[in-house]
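J.: kindly return the folded structure for what I paste below:
(3 chains)
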Amino acid sequence: MKLDRRTLLTVFDSLYTAYGLQHWWPGETPFEIMVGAVLTQNTAWTNVEKAIANLESRSKLSPEAIIAARKDHLANWLRPSGYFNVKAERLKNLCRWYVEAGGFSVLSQRQTGALREALLSVSGVGPETADDIMLYAFQRPVFVIDAYTRRLFSRLGFIAGDEAYEDLRLACEDRLGADVRLYNEFHALIVLHARTVCRVRPRCDDCLLRESCVAGREGRD
DNA sequence: ACCCAGGGTCATA
DNA sequence: TATGACCATGGG
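T.: The predicted model follows:
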């Protein structure tokens, strides 16, 4: 891994200059962010919004309502977000854990490591979902590694691409230091960039990260 | 018609 | 530990 703080910040600056502040998940409650994190698993966000709107319009966007709802009903409301049977189960698991643990105020008092482990103990919450929740709902300095991040860093020549999730996360956190604001914007910018430029020009031949790409791509591809 | 989208679990070797 | 099957809708 050729990750270092200066290089990572150079990439961040390029993205930030190009796209500006993203301030992800503004105005949403921590619980809504948790719901979104589960529903967006391998799913386009536009579909997630429809499912959340279904819950909202039926006043089911609360942990108690989701726990009380029949699973087949919940699945129908989640239909637009795909994998609706699976996600109905996962959402119920998460809500039961959330309520039994005492909700946001109580969970907020836990230490970052313990909170992350608790999230991961919920069936249906894997590392990426847990870290989305850690960063965006609980405001903890956890660097989210998703497919986009891995692909971008790989294309830039920083990593091989097959590193374990935890190795990558800890490496990034080590280089960047605990910085919630930075992690928040960085992840949002990577996703935004991936959905626009990288998707259209997969080899980064002419994107704003070209300098970094070319510098890091020697002997690769 | 095809590909992918802000993954995760479970069974198998 | 490491693959593969499976889950499913909607937009490009």
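J.: and the residue of chain A found nearest DNA strand B, how many neighbours?
T.: Nearest to DNA strand B in chain A, going by CB to the nearest atom of the strand, is residue A:126, at a distance of 2.3 Å. Quick note: C-beta positions are derived from backbone N, CA and C, even for glycine. By other CB atoms under 10 Å, 14 other residues sit near residue A:126.
J.: any regions of chain A where pLDDT drops low?
T.: A:197-221 (pLDDT under 70).
J.: mind checking the longest helix of it?
T.: helix A:84-100 (DSSP state H).
J.: without its sequence neighbours, what residue ends up closest to the residue of chain A closest to DNA strand B?
T.: Spatial nearest neighbour of residue A:126, excluding adjacent residues (CB to CB, 6 or more residues apart in numbering): residue A:120 at 7.4 Å.
J.: residues contacting the one you found?
T.: The contact partners of residue A:120, by CB atoms under 8 Å, 6 or more residues apart in numbering, come to A:126-127, A:130.
J.: run a quick neighbour tally on the nearest residue to residue A:95 once chain neighbours are set aside.
T.: Closest residue to residue A:95 apart from its sequence neighbours, by CB to CB, 6+ apart: residue A:63 at 4.1 Å. A count of nearby residues for residue A:63, using other CB under 10 Å, gives 21.
J.: do residue A:114 as well
T.: For residue A:114, using other CB under 10 Å, the count is 10.
J.: for it, give its distance to residue A:134.
T.: According to CB to CB, to the nearest Å, residue A:114 stands 11 Å off from residue A:134.
J.: cool, and residue A:102?
T.: The span separating residue A:102 from residue A:134 equals 17 Å under the rule CB to CB.
J.: tell me which of these two has more neighbours.
T.: residue A:134 (22 against 12).
J.: kind regards, and thank you for your time.
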